[in-house]
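Next one to model:
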Amino acid sequence: MPADYGKIREENIARYGWDTAVLDLLGQLYSERTHFIFELIQNAEDAGATEVAFELFGDRLELRHDGRPFTEADVRGVCGVGPSGAGPGAANRAGKAADLTAIGQFGIGFKAVYAYTRTPQVHSGDEHFRIENYVRPFAAEPVAGDGTLFVFPFDHDTVPAAVAAAEIAAALTALQPRILLFLRSITRLKVEGAGVYSTTVERVVMEGAGGAGGGRRIALTGGRGHREEWLVWQRYVEGLGRAESVGDALDAGRAES
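Numbers count the residues shown, from 1 in each chain. The predicted structure is shown next:
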């Protein structure tokens, strides 16, 4: 059963008030508006997705991934502001608030999408809704297809659709295979659409090819025949109440390809 969007709206109106003008700042979180692309990839990673696909149209951007479907907690998280928001997999992270690799929790970072859109839509599992005024969900017509689909219409009153499409096309085309290097779940990232150089980036952990000290050998491939091989290690950092993994990026070295 889908979440009770009306109830969530009422709760959020009581929490944030009727005037959401102050939340306009959420679309200005980063100096580059297209940074929201990285936030979306991070959220998909946290949802356990293995494949992510961006498709750009003249009037909207769509993102699909095969991660865990939305729950009511995810609806509340994506419609909330602050650390109380919870993204896909929140239950699996119970008691792991200090886990720095759990980065896609639909917190403030997701709100960067509002640099380009006023009414993002989410279609995932039983949940089909659009968000208005940043924190108010409304039921939307279901969309066919598997996995989770985000739709970001270019309806921002200060960013024309043509400008949005051009900026996002440039950012998607500029994505490098290394964006997947330190992720644990996503192995394939596809970008395509209007003005985008269509390409698929893939990450493969090469079995039995680890380096000294237990490092992993990872191959990255992308468009135009691009290929890289890396050795990646993982370390644990004390001082967070217990030893916690902060990700492979703490100690990584490039291998000769």
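
contacts, neighbours, all on C-alpha from now
Noted.

can you list the weak-confidence ranges in the protein?
82-107, 207-214, 234-257 (pLDDT under 70).

mind checking how far the residue nearest to the spatial centre of it is from Arg9?
Nearest to the mean C-alpha position of the chain, counting by C-alpha atoms, centre = their mean, stands Leu40 at 1.9 Å. To Arg9, Leu40 is 23 Å away according to C-alpha to C-alpha, to the nearest Å.

for Val159, same thing?
Going from Val159 to Arg9 by C-alpha to C-alpha gives 27 Å.

who's more crowded, the two?
A direct count of neighbours by other C-alpha atoms under 10 Å for Val159 and Arg9 places Arg9 higher, at 19 against 14.

Confirm that Val122 lies within a strand, as I assumed.
Yes - counting by DSSP: H, G, I helix; E, B strand; the rest coil, Val122 is found in a strand.

which residues touch it?
If you count contacts by C-alpha atoms under 8 Å, 6 or more residues apart in numbering, Val122 has them with 128-130, 148-151.

For it, give its distance to Leu63.
For Val122, the distance to Leu63 - C-alpha to C-alpha - is 10 Å.

For the two, list the residues in contact with both.
Looking at what touches both Val122 and Leu63 (by C-alpha under 8 Å, 6+ apart), the common residues are 149-151.

closest to Phe110 among the residues you listed?
When those are compared for distance to Phe110 (C-alpha to C-alpha), Phe150 comes out closest, at 11.7 Å.

circling back to that earlier point, leaving out chain neighbours, which residue sits closest to the residue nearest to the centre of the chain?
Once flanking residues are discounted, Leu40 sits nearest to Phe110: 6.9 Å by C-alpha to C-alpha, 6 or more residues apart in numbering.

Dihedrals phi and psi, that neighbour?
Main-chain torsions, Phe110, degrees, to the nearest 10: phi -60, psi -30.

how much space is there between it and Tyr134?
11 Å.

Also Arg184?
Distance, Arg184 to Tyr134, by C-alpha to C-alpha: 30 Å.

Looking at those two, which has the bigger crowd around it?
Tyr134 (23 against 17).

in a strand, that's where that one is, yeah?
No - under the criterion used here (three-state DSSP), Tyr134 is coil, not part of a strand.

Test my guess that it contacts Leu25.
No - between Tyr134 and Leu25 there is no contact under C-alpha atoms under 8 Å: 10.8 Å.

if we can go back for a sec, so what's the residue nearest to Leu40 up against?
36, 39-40, 78.

One more: Val201?
Contact analysis of Val201 by C-alpha under 8 Å, 6+ apart lists 176-177, 188-190, 220-223.

Which members of those are the farthest-apart pair?
Lys190 and Leu220, at 13.4 Å, using C-alpha to C-alpha across the contacts of Val201.
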